[in-house]
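Participant: Provided below for reference: sequence and predicted model.
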Amino acid sequence: MSGEKASSESRFQVNVVSEAPATGSVPAGPPAPPPASAVKPADESRGRFRVVGFSEWELGAPPDVFLEPDPLKSDSVSLHSTGTGHTHLSGVSHISDSHSNTYYMRTFGHNTIDAVPNIDFYRQTAAPLGEKLTRPSLSELHDELDKELFEEGLANGDEPSAVEEAATALAAKEAKGGTIKFGWVKGVLIRCMLNIWGVMLFIRMSWIVGQAGIGLTIVIILMATIVTTITGLSTSAIATNGFVRGGGAYYLISRSLGPEFGGSIGLIFAFANAVAVAMYVVGFAETVVEMLNDVDALMFDELNDIRIVGTLTVILLLGISVAGMEWEAKAQIVLLGILLAAIGNYFIGTFMPSTNKEPKGVFGYNTAIFLENLGPDFREDETFFSVFAIFFPAATGILAGANISGDLTDPQTAIPKGTLLAILITGLTYVAVTISTGSCIVRDATGDQNDTISDTVNCTDAACTLGYDFSICKEGGCQYGLMNDFQVMSLVSVFGPLISAGIFSATLSSALASLVSAPKVFQALCKDNIYPGLSIFAKGYGKNNEPLRGYVLTFAIGLAFILIAELNVIAPIISNFFLASYALINFSVFHASLANSPGWRPSFKYYNMWVSLAGAVLCCVVMFVINWWAALVTLLIVLALYIYVGYRKPDVNWGSSTQALIYNQALTHCLDLTMVPDHVKNFRPQCLVMAGYPNARPALLNLVNSFTKNIGLMVCGHVKAVRRRPNFRELSAEHDRCQRWLQKKKIRAFYTPVFSDNLRYGTQLLLQAMGLGRVRPNTLVMGFKHSWSEADMKDTELYVNTIHDAFDLQFGVVLLRLQDGLDISHIHGPDELLPVDKHKDLSCGRASGLNASSLTDSKPALSLTDQRLLESSQIFKKKQGKGTIDVWWLFDDGGLTLLIPYLLTNRGKWGDCKIRVFIGGKINRIDHDRRAMAMLLSRFRIDFSDIIVLGDINTKPKKHNKLSFKELIEPYRLREDDMQQEEAERLKAQEPWRITDNELELYKAKTNRQIRLNELLREHSNCAKLIVISMPLARKGTVSSALYMCWLETLTKDLPPLLLVRGNHQSVLTFYS
């Protein structure tokens, strides 16, 4: 088809409209063909694109596709990302597919704004690695082209232009141009190795080998390595399940398990690192002071010298940290070099035995020594677990790399590779040191060269085979050997001072890593505003966003514990803090796998949910093995912080596995309930409350919430009339505001709006479609139509028909009437009122919307009527005090009329109220009817204070009340006797709410009953806190809407708060077990 002439028009010709005309030179190339119709300037503001030409295809020929470069694309907008994810250099002509500007790509060779997949569409707003772009919305692709497009990105349809967005992105990239990022070796591997080796390698491993023997020491190392390896695998899985920002363990846990776990662990993890600085610095200071003491060079006494040296050291470390991550990384490399030299120095020394070292127990590799040291020899009440508790803190440095995740070039690759390799290298190092020390050094030695073996001594240990007799050490007092000399590795090494340098390197590197980790984790925690009072520490400085305030706080905490200089009590708690973090990281992987969320897709595949769970359990076990009381303290602190964060409910949504698991459980339980038939014992009122905007009728919501909270379902239904095409983002934002309002008021309900032409049709939609399986409404709750006599009777007809529809669908119906009304939307202040200017509120049959000016105007003084209305709207929010709930159970509707008052009295606000039951009866059977009702209530196990039988219920009402009713119905009568039959039928068809004379005569007795009941209600229940009465029914198609509303008006006027209740005549109460 390439032979078709170039001038043939395509069926759809799209003209691209530039919102921000580019400046600069136009790329060379043929100009674009003009559109079929000119674009009017006035139309340019209507949208980004519009069809300007349409022609029929030529028969048998497809449309030509115009593939020339876009002449509107100029050098000034060449910074924008394209569909390939790259940025084009200036001067290169290309059609951008970014939705954020006005130049849409031509996908697959034809004009379209539909975008191909692009990584920039999936970035978050604050994406650090690229520009956030927005794909064309569904509305732009789907809606009619002659419709005005609604911008869904920013308020009022304002969006930055293409050039503005490009300039902003470029400025951000230039600002971050000097950021220092580390690879997996310098950023993770080196840090983890320095932390795991630590001071334990040089001054405790020989003692552990002496106590536990080579075999059990290797078991201890393997046990610790298993725990750290499982945690490393779990860390790798979480780190590769999406982009990882700064915050280390806190970020990993909070994004997996949610803010409650993350916030609690993040705080204690940052604190543990801060105190760990003091622990390592004091260890360094103790070594320095010991060396000073050996040469008699103490400044004051040992304790104060430790404080002085420790303070100077932590100040030096603070200076290195504040200088920036680059200097800190250089210092770590220097310290690693010293540490590696010290380790090499030791291993070389093991192959260079010396006769001068033999009296001190160092002989070089020997089979007899290896066999003797293979088994355990626990002394001084030490056990396997106590020795394990001493060793395990050496393995708690595996998160040193993850803690600076924000400073890594590629955390998803660096964290798994560096962490796991560090665990492997350090584990092998510890095993090698165990075997070498156990093969070269005996457990006890005197250090005396004269203790050689003689013929008269019966000696059988390994030293005897080498010509020495150290049997005197069994009585104690020896200073050399594995069990007695913590510095024995210095003795073995080629150059002893290098081991001391290694000890200094190990302590200082660990202290430096902790001094960097604590502020980074703390800064990430504060940025998320989990603890509002700590937000001051969220600010970063410099090109690397350094947490200088966090450094100062960490320095202050570390210095405080250094000045105490007694860390034996706090040390076990710190180890347990680290272990609690490891346990939750492992549990996070198990939890995420269990939730089976589609978003859990780690690229690291070498993990297993059950292995992670075992790792979490092992971490908890190790916590108690190390120190049981410290483990309890740790758990209590985590629990307290969890409860606090859970109580605060921070406004964050990270898509945690907790949310995914809750969804899974909810879905599973809903499906399980669907297969279970309903049973009367499990009935609970599940209410669809037609309240409109939640804050429009607070009294209605507060009352229903009182008997549904933690018992049944409550849905706040809202019917809106569509005046324009609804905007999804506006609807979503409005829905969120309404749901947050319900949450703020502690009303457990779902807000569900629908769009419909009127109240009746909207309510029909909700009644039929609302809910899942058994979790669906069974009771419709509405407010009494307060101003029905003043409103359009068509609205009243819809209101009554809505009640009929509910009964047709086998719903119960509850109507609430307050004498001052329910709707307070017209008097709400701007702090309370939700923006409802764009939709008409049809719930309960009246408009409750305000125009936009009401949100900004000053609040006018309230009239006396509005003041009473506002006060009455809060009537059910406060505690009711002593009083009665009068239940007028006139007709048996299945028990809903009785169940609702019972549920109310079980609540604290209504707990002081007693139930009085009123029933109809005959004068000559009052005692019998009372006893029968008392027996029924006792079998229902419902407490009551009194039962009143109304023997005079059928007495004729008073004359003046009958006259009042006659005046009430007068405007709504048809008066068919005064007109022609055809005219009467036509008027009735046009206004079906009209009351016919025949209807009045037919229901005269029922009318008189409503008048009489109102008289009795005012006589007996005028002081009740709440009246609950059986709702009169109107036969559909026979009783007009006006007559039914007159009945309800007459029955409920001039009374305390009143509930009209009518169940669906299915039993909701039972006396069977």
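Facilitator: It's in.

Participant: wait, isn't residue 807 in contact with residue 800?
Facilitator: No - assessed by C-beta atoms under 8 Å, residue 807 is found out of contact with residue 800, at 11.1 Å. (Each C-beta comes from the backbone N, C-alpha and C, glycine too.)

Participant: more neighbours: those two, which one.
Facilitator: residue 800 (25 against 17; other C-beta atoms under 10 Å).

Participant: you'd agree the more buried one is in a helix?
Facilitator: Yes - judged by DSSP: H, G, I helix; E, B strand; the rest coil, residue 800 forms part of a helix.

Participant: got the confidence number for it?
Facilitator: Listed pLDDT for residue 800 reads 93.

Participant: contacting residues for it?
Facilitator: 993, 1034, 1041, 1044-1045 (C-beta atoms under 8 Å, 6 or more residues apart in numbering).

Participant: and residue 720, what helix or strand is that in?
Facilitator: Take DSSP states H and E as the rule and residue 720 turns out to sit in strand 714-721.

Participant: partners of that strand in the sheet?
Facilitator: Strand 714-721 sits in its sheet next to strand 687-690 (parallel), strand 750-755 (parallel), strand 840-841 (antiparallel), going by DSSP bridges.

Participant: figure out which of those is closest to residue 209.
Facilitator: strand 750-755 (64.1 Å; C-beta to C-beta).

Participant: and the next helix or strand past the closest one?
Facilitator: helix 759-769.

Participant: show me what counts as buried in that following helix.
Facilitator: 759-764, 766-767 (16 or more other C-beta atoms under 10 Å).

Participant: specify which member of the residues you listed is nearest to residue 254.
Facilitator: residue 766 (37.3 Å).

Participant: can you check the pLDDT for the most centrally placed residue in the chain?
Facilitator: Central residue of the chain (C-alpha atoms, centre = their mean): residue 653, 4.0 Å from the mean position. Looking at residue 653, its pLDDT stands at 76.

Participant: just checking, what packs against the strand or helix carrying residue 438?
Facilitator: Element membership for residue 438, per DSSP H and E: helix 411-440. Helices and strands in packing contact with helix 411-440 are listed as helix 184, helix 190-197, helix 200-203, helix 205-239, helix 325-350, helix 367-372, helix 488-492; criterion 3 or more C-beta pairs under 8 Å, 6 or more residues apart in numbering; DSSP states H and E.

Participant: and if we set it to 10 Å?
Facilitator: With contacts taken as 3 or more C-beta pairs under 10 Å, 6 or more residues apart in numbering; DSSP states H and E, helix 411-440 sits against helix 184, helix 190-197, helix 200-203, helix 205-239, helix 248-257, helix 325-350, helix 367-372, helix 488-492.

Participant: so which of those gets nearest residue 400?
Facilitator: Comparison of those against residue 400 by C-beta to C-beta identifies helix 190-197 as nearest, at 4.0 Å.

Participant: which positions in that closest one come out as buried?
Facilitator: 190-197.

Participant: the helix holding residue 438 to helix 325-350, inter-axis angle?
Facilitator: Helix 411-440 runs at 20 degrees relative to helix 325-350, counting by axes from the mean of the first three to the mean of the last three C-alpha atoms, to 10 degrees.

Participant: next, the angle from helix 411-440 to helix 190-197.
Facilitator: Using the same axes, to 10 degrees, helix 411-440 lies at 30 degrees relative to helix 190-197.

Participant: in helix 411-440, which residues are buried?
Facilitator: In helix 411-440, the ones that count as buried by 16+ other C-beta under 10 Å are 411-423, 426-427, 429-431, 433-440.

Participant: and what of stretch 522-530?
Facilitator: 522-528, 530.

Participant: swap in stretch 648-659?
Facilitator: Using 16+ other C-beta under 10 Å as the test for burial, stretch 648-659 gives 650, 654, 656-658.

Participant: can you pull out the helices in the stretch 451-600 of the chain?
Facilitator: Taking DSSP state H, counting those that start in this stretch as the criterion, the stretch 451-600 of the chain carries its helices at 462-465, 488-492, 496-527, 548-564, 570-595.

Participant: among these, which is nearest residue 290?
Facilitator: Of the helices of the stretch 451-600 of the chain, nearest to residue 290 by C-beta to C-beta is helix 496-527, at 9.8 Å.

Participant: how far does that closest one sit from its chain's centre?
Facilitator: Centroid separation for helix 496-527 versus its chain: 32 Å, with C-alpha atoms, centre = their mean, to the nearest Å.

Participant: hey, C-alpha coordinates of whichever helix or strand residue 387 is part of in PDB?
Facilitator: Following DSSP H and E, one finds residue 387 within helix 384-391. Below are the C-alpha coordinates for helix 384-391, written out as PDB (Å, rounded to 0.1, in the frame of the first residue of the first chain):
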ATOM      1  CA  PHE A 384      27.100 -24.100  76.200                       C
ATOM      2  CA  PHE A 385      24.400 -21.500  76.100                       C
ATOM      3  CA  SER A 386      26.300 -19.000  78.300                       C
ATOM      4  CA  VAL A 387      29.300 -19.200  76.000                       C
ATOM      5  CA  PHE A 388      26.900 -18.900  73.000                       C
ATOM      6  CA  ALA A 389      25.400 -15.800  74.500                       C
ATOM      7  CA  ILE A 390      28.900 -14.300  74.800                       C
ATOM      8  CA  PHE A 391      29.800 -15.100  71.200                       C
END
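
Participant: surely residue 801 touches residue 759?
Facilitator: Yes - here residue 801 lies in contact with residue 759, judged by C-beta atoms under 10 Å, at a distance of 9.2 Å.

Participant: coming back round to it: and the buried residues of helix 759-769, which is closest to residue 246?
Facilitator: residue 766 (46.1 Å).

Participant: in whatever helix or strand residue 285 lives in, which residues are buried?
Facilitator: According to DSSP H and E, residue 285 maps onto helix 259-294. Neighbour-count burial for helix 259-294, counted by 16+ other C-beta under 10 Å, picks out 259-289.

Participant: and for stretch 579-594?
Facilitator: Residues 579-594 are the ones in stretch 579-594 that count as buried (16+ other C-beta under 10 Å).

Participant: now it: mean pLDDT?
Facilitator: Here the average pLDDT along stretch 579-594 is 88.

Participant: related to what we said a few turns ago, off-centre distance for the helix holding residue 285?
Facilitator: 31 Å.

Participant: tell me the helices and strands packed up against that helix.
Facilitator: Against helix 259-294 (3+ C-beta pairs under 10 Å, 6+ apart) you get helix 200-203, helix 248-257, helix 302-322, helix 496-527, helix 548-564, helix 570-595, helix 628-648, helix 657-674.

Participant: among those helices, which is nearest residue 969?
Facilitator: helix 657-674 (46.9 Å).

Participant: centre of the chain to that closest one, how far?
Facilitator: 17 Å.

Participant: for it, packing partners?
Facilitator: helix 248-257, helix 259-294, helix 570-595.

Participant: tell me which residues are up against that helix.
Facilitator: 255-261, 587-600, 653, 656, 682, 771-776 (C-beta atoms under 10 Å, 6 or more residues apart in numbering).
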